[in-house]
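# please find the sequence and the predicted model below.
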Amino acid sequence: KAGVTQTPRYLIKTRGQQVTLSCSPISGHRSVSWYQQTPGQGLQFLFEYFSETQRNKGNFPGRFSGRQFSNSRSEMNVSTLELGDSALYLCASSERGTGNINEQFFGPGTRLTVL
Amino acid sequence: GENVEQHPSTLSVQEGDSAVIKCTYSDSASNYFPWYKQELGKGPQLIIDIRSNVGEKKDQRIAVTLNKTAKHFSLHITETQPEDSAVYFCAASRPSNTGKLIFGQGTTLQVKP
């Protein structure tokens, strides 16, 4: 099976702009979680989507949003970019069976730089 | 709140030696504890995980132990090799939040040939 893919791999934006990142999960996986990775804060959970519904949300401002499509592909959007949004954005997919703990498999990430 | 502390932040060993990384979690409801390895320019790779109904799990040169009472879990790598050099992250999640992993700060492991 192909792994988790994320596009684009690198992105440079300026303050105030918005950005959309895309994630394609492993075939058959219905859950997609998003994380932000920075040297100072480490890996922090943004949100999780399962069957097109946001099931869980981390402590990030409303500028960070996401969605999931019927084929389980997910996008996240960051509006009104700030310098502090520069980070590696990772998505992870899992089978996410009801009541089960499922392993999360990460993509390579999208490196966002805000100037 | 939910928190995972990971130590040490850096670890340097000679090839062939063992390496141990320790994590402590704060949420007693946590029941799933994965470990990830992240190489430069790549996403984290799941290397081993343990559930709260198990005290120890092994997979070739790596093992994980869990002490639920003390809320500690550890990663043990034996016979280290240069290709084990990477950043290692521990994480924890609770049953109701299986899509949300709380990560430790990471350990940079250097294996010297």
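Nice, I can see it.
# near chain A, which residues of chain B are found?
B:31-32, B:34, B:36, B:41-46, B:49, B:51, B:89, B:91, B:93, B:95, B:97-106 (Cβ under 8 Å from any Cβ of the partner chain). C-beta: built from backbone N, CA, C; applies to glycine.
# what residue in chain A comes nearest to chain B?
The nearest approach of chain A to chain B comes at A:Glu48, 3.2 Å away (Cβ to the nearest Cβ).
# neighbours of B:Glu56, just the number please.
The tally of other residues near B:Glu56 (other Cβ atoms under 10 Å in any protein chain shown) stands at 11.
# now swap in the one 10 residues further on and tell me
Counted with other Cβ under 10 Å, residues neighbouring B:Leu66 total 22.
# and it, that one's in a helix?
No - under DSSP: H, G, I helix; E, B strand; the rest coil, B:Leu66 sits outside any helix and is assigned strand.
# which residues does it bridge with?
B:Phe73 (DSSP bridges).
# need the contact list for it.
B:Phe33, B:Ile50, B:Ser52, B:Val54, B:Gly55, B:Glu56, B:His72, B:Phe73 (Cβ atoms under 8 Å, 6 or more residues apart in numbering or on different chains).
# got the residue ranges for the strands in chain A?
A:5-7, A:10-13, A:19-24, A:31-38, A:42-50, A:53-57, A:64-68, A:74-78, A:87-94, A:105-106, A:110-114 (DSSP state E).
# including distance to B:Glu79, could the ones you listed go into a markdown table?
As requested, the strands of chain A are arranged in a markdown table below (distance: least, Cβ to Cβ, whole Å):
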| stretch | distance to B:Glu79 |
| --- | --- |
| strand A:5-7 | 34 |
| strand A:10-13 | 37 |
| strand A:19-24 | 36 |
| strand A:31-38 | 30 |
| strand A:42-50 | 28 |
| strand A:53-57 | 39 |
| strand A:64-68 | 42 |
| strand A:74-78 | 39 |
| strand A:87-94 | 29 |
| strand A:105-106 | 26 |
| strand A:110-114 | 34 |
